[in-house]
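>>> sharing a sequence plus its predicted fold:
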Amino acid sequence: MASKRLSIYLNDHFAASIGAGELAGRSAGSNGGTPLGIELEQLKQEIEEERGTLAECMRELGVAVDPAKAAGAWAAEKLGRLKLNGSWLSYSPLSRLEELEILILGIEGRVLLWEALSRHPDLADRDAPDFEQLIKRARSQRRRLNRHRLEAAQDAL
């Protein structure tokens, strides 16, 4: 039972990282040529690197990627573009605010993931990733995005 729960947990985080990477990329494009756009491009790259780290942990733990969850996360991000944002045909200030808040929530989830995996006995004895460094990186991502979120809130609200 524990291995089934572990598989579900890790696949949920893996799927979320797919959605977050897609969202960061789309939002970077919508904010191209701005400091926020540059920040989001960097975040997208970091999310992809961290998804690779998570995939390595999954392999070490004998957990396969669930292709249905991965595809579902990708599709859910695409469907999320259809949400009402007060502007039917264009990107709105509310879009920017909500995207940043969603990305920040995802970053918090990664902090929790790395904390949990750092305590997993099957990773502690191996050449595991530097979980403390991953946690510091995520907290840095959150601080960097939060500055932009506060500006976006001022513009949107």
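Looks like it arrived, so ask away.
>>> in the longest helix anywhere in the chain, what's buried?
Ranked by residue count, the top helix of the chain under DSSP state H comes out as helix 2-30. Residues of helix 2-30 classed as buried by neighbour count (16 or more other Cβ atoms under 10 Å): 6-7, 10-11, 13-28, 30. (C-beta placed from N, C-alpha, C; glycine too.)
>>> buried stuff in the helix or strand just after it?
Scanning forward in sequence from helix 2-30 by DSSP states H and E, the next helix or strand is helix 35-60. Buried positions in helix 35-60, judged by neighbour count with 16+ other Cβ under 10 Å: 36-37, 39-41, 43-44, 46-47, 50-51, 53-54, 57-58, 60.
>>> same check on stretch 66-78?
For stretch 66-78, a neighbour-count test (16+ other Cβ under 10 Å) marks 66, 69-70, 73, 77 as buried.
>>> mean confidence for it?
The average pLDDT for stretch 66-78 rounds to 80.
>>> find me the pLDDT at residue 84, would you?
56.
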